[in-house]
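**Student:** below are the sequence and a predicted model; questions follow.
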Amino acid sequence: MQLPFGRICPAMITPFRPDGGLDPAGAQTLAAHLVDQGCDGLVLSGTTGEGSTLSDAEKDTLLRSVLEAVGDRARVTAAVGSNDTRHSVDLARAAERAGAHGLLAVTPYYSKPSQEGIRRHFRAVADATSLPVMVYDIPGRTGVALTRDTLLDLADHPRIVAVKDCSYDLGTSAQLIARTGLHYYSGSDELNLPLYAVGAVGAVSTVANTAPQATRAVLDAYTAGDTRAALRCHQRLLPLIDAMMGTAPGAVTAKALLRRQGLPSGPVRLPLLDADAALDAALAGESAAVLRSPQIQRSKGRSSV
């Protein structure tokens, strides 16, 4: 099955220089590394990518740089979320001009619009370009959940084709997967396997920034019919997922681990703060345990997705 956004899609961090400026060359190096490790999609300028601190010009430079590096090997999706519909439309059109393969649009945050306002927002973004759109349901951050009726309505739009699901409602997600043609992606790493088991097609993953092969191994084993191996791989990842997502924002923890791996990362931008020594050490321990696992050792060198 051809997927418009890929299957294993890191929500890529945005590398910065030591002075806090955008590092386009570092972004190209990191993107190439992730694709080499078996990721077939990248999502740029999202929450883990510190999109709220990037200027529109920086988002454009980042997107064009990554497309130049890996656009022929992976699906590159631009996050265009905002609580200002006009701004999201402008970002969507700019992403299409730059060559993006798809768009990620989050539910408008903070202002808590009605479900009808949310529908009109997403439809305006989808109407603005010819690109496929993934809507992002994350009520814990936005303050508003996408209802079942809203998602059923949006599924009728020809360019709204996917959902990044951080709703933590597996029952509703399973029903919507069964009733619609929407491609569901897990947006919560601890639910990658459960959501995949009820019909999701992949993951938009923070943890895949630092453990791409381990993230992919879970879905590969399940796809191959080895559900026991999939469960083992998933359970080995859980301590790292908890360390990365349960103690600090994903941008902070992913950048700390990437620095240890010698890959481009740089500092985070305020109001985020870089990991302290205790968190850095805890992350390093959990990451090392995952990378030593037998399944990951066997997967090294395999790049088909």
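**Tutor:** Received, thanks.
**Student:** how about Glu68: what's its closest non-neighbour residue?
**Tutor:** Nearest residue to Glu68, sequence neighbours excluded (Cβ to Cβ, 6 or more residues apart in numbering): Gln28, at 6.9 Å. C-betas here are computed from N, CA, C, even on glycine.
**Student:** swap in Ala211?
**Tutor:** Nearest non-adjacent residue to Ala211 (Cβ to Cβ, 6+ apart): Val290, at 5.4 Å.
**Student:** where does that neighbour fall, phi/psi-wise?
**Tutor:** phi -70, psi -50 (degrees, to the nearest 10).
**Student:** my understanding was that it contacts Ala214; is that so?
**Tutor:** Yes. Val290 is within contact range of Ala214, at 5.0 Å (criterion: Cβ atoms under 8 Å).
**Student:** ok, the residue nearest to Glu68 touching Leu67?
**Tutor:** No. Applying Cβ under 8 Å, one finds Gln28 not in contact with Leu67, separated by 9.7 Å.
**Student:** give me the distance between Ala145 and Leu103.
**Tutor:** Remark: distance between Ala145 and Leu103 (Cβ to Cβ, to the nearest Å) = 21 Å.
**Student:** and the two? Which one has more around it.
**Tutor:** When neighbours are counted by other Cβ atoms under 10 Å, Ala145 and Leu103 differ, and Leu103 comes out ahead with 29 against 19.
**Student:** a strand runs through the more buried one, doesn't it?
**Tutor:** Yes. Assessed with DSSP: H, G, I helix; E, B strand; the rest coil, Leu103 lies in a strand.
**Student:** wait, it sits on Thr77?
**Tutor:** Yes. Under the criterion of Cβ under 8 Å, Leu103 makes contact with Thr77 at 6.6 Å.
**Student:** overlap in contacts, the two.
**Tutor:** Taking Cβ atoms under 8 Å, 6 or more residues apart in numbering as the criterion, Leu103 and Thr77 both touch Met134.
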